[in-house]
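Chemist: Sequence first, then the predicted structure, then my questions.
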Amino acid sequence: MKKVFGVLLCLMLLFGLVACGNSDGVVLSESESNSGAETGGSDNGGNGEFTDPPAINGSKILLAYFSCTGATEKIAEYIEAETKGTLYKIVPEIPYLADDLKYYTDCRADREQADPSARPAVSGTVENMKDYDVVFLGYPIWHGQAPRIISTFLESYDFAGKRIIPFCTSHSSGIGNSDTNLHSLAPASEWTVGRRFSSGTSRNAVAEWLKDFGFKVCA
């Protein structure tokens, strides 16, 4: 009888330890407990399975970018080399001079970034925008956000059904919410999480970024 009681007591203690593994009394396996971790694929709805994003290879790609110092332009050129897309530089109708970019002096850039309604005019247009499936959108970080001329660009075309992939450059700031704040300007498009690059980023690093997203780039 004592042996039976001892066995029952051991089983009760063991069950108690297992139940303390989490608040619901269920011990998750490693794969289940990490099912929400970031991966190179995209979540298909929270069921723990991930699939690769649609491949870029075979799509018609536009590389639209705004660059004053050349840092963003260099990244756009690297993406062009990897994807064989079409480069389009977003050129302001009134060029930004050196004094326009002297931050915290009430310069032109300061005033525009402080005004959410500012829409600097763009010189020129994209030919046959409707033919592009994927749009890489590049810009520098100005006061934590994309320059207002990017808003002008997004409001100038119909991006419905297109995939927009933002990227930015900065000396130290991260991308922050500069990309997600643009979503409302092209709500019918498919936005991809953006990426920040430093001015010294190499072409190999850009190529690795494209691979990390699961894109099949051109040879």
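Modeler: Ah, there it is. Residues are numbered from 1 along each chain as shown.
Chemist: Find the nearest non-adjacent residue to residue 152, please.
Modeler: Nearest in space to residue 152, with sequence neighbours left out and distances taken as Cβ to Cβ, 6 or more residues apart in numbering, is residue 119 at 4.5 Å. Glycine gets a C-beta too; all of them are placed from N, C-alpha and C.
Chemist: Who are the contact partners of that neighbour?
Modeler: 148-149, 151-152, 155 (Cβ atoms under 8 Å, 6 or more residues apart in numbering).
Chemist: can you list contacts of the helix or strand containing residue 78?
Modeler: According to DSSP states H and E, residue 78 maps onto helix 71-83. By Cβ under 8 Å, 6+ apart, the surrounding residues in contact with helix 71-83 are 56, 61, 63, 65-67, 85-87, 89, 136, 138-140, 167-169, 197, 199, 201, 203, 206-207, 210, 215, 217-218.
Chemist: rewinding a little: any idea how far the residue nearest to residue 152 is from residue 144?
Modeler: For residue 119, the distance to residue 144 (Cβ to Cβ, to the nearest Å) stands at 19 Å.
Chemist: where do the strands sit along the protein?
Modeler: With DSSP state E, the ranges of strands along the chain come out as 42-43, 50-51, 61-65, 86-89, 91-92, 122-123, 134-140, 163-169, 190-191, 195-197.
Chemist: Low-confidence regions, the chain specifically.
Modeler: Counting by pLDDT under 70, the chain has low-confidence residues at 1-58, 213-219.
Chemist: Swap in 90 and give it another go.
Modeler: Applying pLDDT under 90 to the chain picks out residues 1-59, 82-84, 171-173, 199, 210-219.
Chemist: buried subset of the contacts of helix 71-83?
Modeler: Buried members of those, counted by 16 or more other Cβ atoms under 10 Å: 56, 61, 63, 65-67, 85-86, 136, 138-140, 167-169, 197, 201, 206-207, 210, 215, 217.
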